[in-house]
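Student: Kindly return the folded structure for what I paste below:
(2 chains)
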Amino acid sequence: MKSKPRFLTILDIASVLLLAVSAYLALIYAPEEAVMGQVQRVFYFHVATAWVGMLGFIAAGVAGIAFLRTADLKWDIIGIAAVEISLVFFLIAIILGSIWARPVWNTWWTWDPRLTTAAITELIYVAYFMLRQGIEDPDRRARFGAVYTLVGAVSVPITFMAIRLFRTIHPVVIGSQSAQAQGGFNMDSGMKVAFFFALFAFTVIFVDLFWNRIRLGNLAQKVEQLKLKIMS
Amino acid sequence: MATDEINATKTRQAGATNFLRAVGAVVWKDLSAELRSRELLSAMLVFALLVILIFNFALELDLQTRRSVTSGVLWVTFAFAGTLGLNRSMAVEKDRGCLDGLLLAPVDRSAIYFGKAISNLAFMMIVEAIVLPVYSLLYNINLFQPGLLLVILLGSLGYVAVGTLLASMAVQSRTRDVLLPILLFPVVVPILIAAVKASGGYLSGAEMSEIMPWLNLLIVYDVIFTAIAFMVFDYVVEE
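Tutor: Residues are numbered from 1 along each chain as shown, chains lettered A, B, ... in the order given. Predicted coordinates:
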């Protein structure tokens, strides 16, 4: 059996360090926002986790298409790794967003495009796992999973556009600001450092988790094969 | 050279007619089986009427509320009754081994998909054709407007296009009866949003410019998801 790659171990350590530094930058280094106060510090991790959730979402869709084209089970392992990570990070992003929204929007939740789309993505992922759970044949399970991630990957952007036709109050900090948005602000240089560092740190953490999860999937597959060998 | 071309065109035409004939055969099989047993339609219909009845008490559909919630009530009813029909229509194929028989037939697999989707659409439209007048009668509201009917057609089309694909996956899993709505609803959210908004627009007599974006969304969704289902159906029924 292959032992853990050296570079992966380095990446593990780097992820932990980056997370620590990013937490320091977000919680202490970055200046306090004038209107919203301390709660604005949630923003750095909120955007970073949402970004990682997006990365996982795209990776899952790509892996789904690749599996359907090649029928190679390695793409299924990559797909499920991406979905799992994306599920967790979207959940973190939603919870952090709610913590921020309570004082700023005066509510835990609104049916804004971004919030609703994130929630629906979570539901699609949960459905994905329920679908996989109900199927024993690994080949069919992989095929169905790939088809469903593909359907999900296409429907989620359409959902976003559909809800966007409604009015939105979610602030757009990067890029143009919509007139109805509440809780927007301009970043000063200290904030920008914390923000881009958080994005970078979480991207590294994503790669690290992704790699570990794929490795776990490969090992699980090997165990499965060995089990079959013993039984026969 | 010339005969080659003619032959090629002929085979292509023959291929197209064969495909259409196969689709027609699947639709015909479903419709005639349904005409004899009437299990699916009666179940969907009674269920749809019960949902409307429940809404009546749950929402107190008085004149004021009715105006604003009619389109929502209609679409929830169609969506719930739709899953019932989709589940049943695929489960019948699976349980009696008909699906294997269909797959053995020397036709393109997508012909089976289109056949099932068209018959599912037909069942849904029949249910809608009965629910609409009943609703109009019960709540004294005119639902027979060409625009609204168009929205219902487009919405049902997209719903059935995705639903048929996902139902054929759901019936092959262990938890199939509960699985279909869980798989289907998060994916058809755009259809439901657009259909509710467009229907509401027609019912409240909104400007065409307000309704148009929703109609466009419905058409885009229908086209995209029919194409996707057409491409991936093979993988879903493959043994």
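Student: Which helix or which strand is home to the residue positioned nearest the centre of chain A?
Tutor: In chain A, the C-alpha nearest the mean C-alpha coordinate belongs to residue A:53, at 1.4 Å (C-alpha atoms, centre = their mean). Counting by DSSP states H and E, the element that carries residue A:53 is helix A:42-70.
Student: How far off centre is stretch B:195-204?
Tutor: Here stretch B:195-204 is found 19 Å from its chain centre; the criterion is C-alpha atoms, centre = their mean, to the nearest Å.
Student: Please apply the same query to stretch A:220-232.
Tutor: Stretch A:220-232 sits 32 Å away from the centroid of its parent chain (C-alpha atoms, centre = their mean).
Student: and that stretch, which residues are buried?
Tutor: For stretch A:220-232, a neighbour-count test (16 or more other C-beta atoms under 10 Å in any protein chain shown) marks nothing as buried. Placement of C-beta: from N, CA and C, glycine included.
Student: So which elements touch the helix or strand that contains residue B:219?
Tutor: With elements taken from DSSP H and E, the one containing residue B:219 is helix B:208-237. Judged by 3 or more C-beta pairs under 8 Å, 6 or more residues apart in numbering or on different chains; DSSP states H and E, the packing partners of helix B:208-237 are helix A:138-164, helix B:109-139, helix B:146-170, helix B:189-203.
Student: and it with helix B:109-139, angle?
Tutor: Using axes from the mean of the first three to the mean of the last three C-alpha atoms, to 10 degrees, one finds that helix B:208-237 and helix B:109-139 are set 140 degrees apart in direction.
Student: picking that back up, what comes up buried for the helix holding residue A:53?
Tutor: By 16+ other C-beta under 10 Å, the buried positions in helix A:42-70 come out as A:42-57, A:59-68.
Student: near chain B, from the residues you listed?
Tutor: residue A:68 (C-beta under 8 Å from any C-beta of the partner chain).
Student: Which residue is the nearest non-sequential neighbour of the residue of chain B found nearest chain A?
Tutor: Closest contact between chain B and chain A, by C-beta to the nearest C-beta, is at residue B:173 (3.1 Å). Nearest residue to residue B:173, sequence neighbours excluded (C-beta to C-beta, 6 or more residues apart in numbering or on different chains): residue A:134, at 3.1 Å.
Student: Which pLDDT value goes with that neighbour?
Tutor: At residue A:134, the predicted lDDT confidence score is 90.
Student: which ones are touching it?
Tutor: Contacts for residue A:134 (C-beta atoms under 8 Å, 6 or more residues apart in numbering or on different chains) come out as B:173, B:174, B:175, B:176, B:179.
Student: ok, now which ones touch the fourth one?
Tutor: Okay, so that is residue B:176. Per C-beta under 8 Å, 6+ apart, neighbours of residue B:176: A:134, B:87, B:91, B:170.
Student: gap between the second one and residue B:176?
Tutor: Spelled out, it's residue B:87. Going from residue B:87 to residue B:176 by C-beta to C-beta, to the nearest Å gives 7 Å.
Student: which bits of chain B sit near chain A?
Tutor: B:162, B:165-166, B:169-170, B:172-176, B:179, B:182-183, B:185-190, B:193-194, B:197, B:213-214, B:217, B:220-221, B:224-225, B:228, B:232, B:235-236, B:238.
Student: Would you mind writing the ChimeraX command to select the buried ones in those?
Tutor: Burial among the residues of chain B next to chain A is assessed by 16+ other C-beta under 10 Å; the matching ChimeraX selection reads:
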select /B:162,165,166,169,170,172,173,176,179,182,183,185,186,187,188,189,190,193,194,197,213,214,217,221,224,225,228,232,235,236
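Student: The residue nearest to the centre of chain A reaches residue A:86, doesn't it?
Tutor: Yes: using C-beta atoms under 8 Å, residue A:53 is in contact with residue A:86, at 4.9 Å.
Student: which neighbours do those two share?
Tutor: In terms of C-beta under 8 Å, 6+ apart, residue A:53 and residue A:86 are both contacted by the residues residue A:121.
Student: Chain neighbours aside, what residue packs nearest to residue B:68?
Tutor: residue B:200 (7.7 Å).
Student: Next, the buried residues of the helix or strand that contains residue B:65.
Tutor: Element membership for residue B:65 (DSSP H and E) is helix B:63-95. Using 16+ other C-beta under 10 Å as the test for burial, helix B:63-95 gives B:66, B:69-94.
Student: I'd like the mean pLDDT over it, please.
Tutor: 87.
Student: quick one, that helix and helix B:109-139 angle?
Tutor: Using the same axes, to 10 degrees: helix B:63-95 against helix B:109-139 is 150 degrees.
Student: How far does helix B:63-95 sit from its chain's centre?
Tutor: With C-alpha atoms, centre = their mean, you get 10 Å for helix B:63-95.
Student: do stretch A:13-21 as well
Tutor: Distance, centroid of stretch A:13-21 to centroid of chain: 18 Å (C-alpha atoms, centre = their mean).
Student: residue ranges of the helices in chain A, please?
Tutor: Using DSSP state H, the helices of chain A run over A:6-24, A:42-70, A:73-104, A:113-133, A:138-164, A:189-231.
Student: Check the offset of the helix or strand bottoming out on mean pLDDT in chain B from the chain's centre.
Tutor: Within chain B, confidence by mean pLDDT, DSSP states H and E is lowest for helix B:2-37 among all helices and strands, at a mean of 82. In terms of C-alpha atoms, centre = their mean, the centre of helix B:2-37 is set 22 Å apart from its chain centre.
Student: packing partners for it?
Tutor: Here helix B:2-37 touches helix B:109-139, going by 3+ C-beta pairs under 8 Å, 6+ apart.
Student: mind running it again at 10 Å?
Tutor: In this structure, helix B:2-37 makes packing contacts with helix B:39-59, helix B:63-95, helix B:98-104, helix B:109-139, judged by 3 or more C-beta pairs under 10 Å, 6 or more residues apart in numbering or on different chains; DSSP states H and E.
Student: closest to residue A:196 out of the ones you listed?
Tutor: Residue A:196 lies closest to helix B:63-95 among those, at 43.3 Å (C-beta to C-beta).
Student: would you turn the helices of chain A into CSV with distance to residue B:207?
Tutor: Shown next, in CSV, are the helices of chain A (distance: least, C-beta to C-beta, whole Å):
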stretch, distance to residue B:207
helix A:6-24, 50
helix A:42-70, 36
helix A:73-104, 33
helix A:113-133, 23
helix A:138-164, 19
helix A:189-231, 42
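Student: To residue B:45, which of those lies closest?
Tutor: helix A:113-133 (27.6 Å).
Student: residues of that closest one that come out buried?
Tutor: For helix A:113-133, by 16+ other C-beta under 10 Å, it's A:113-125, A:127-128, A:130-132.
Student: Give me the angle between that helix and helix B:146-170.
Tutor: Going by the same axes, to 10 degrees, helix A:113-133 makes 40 degrees with helix B:146-170.
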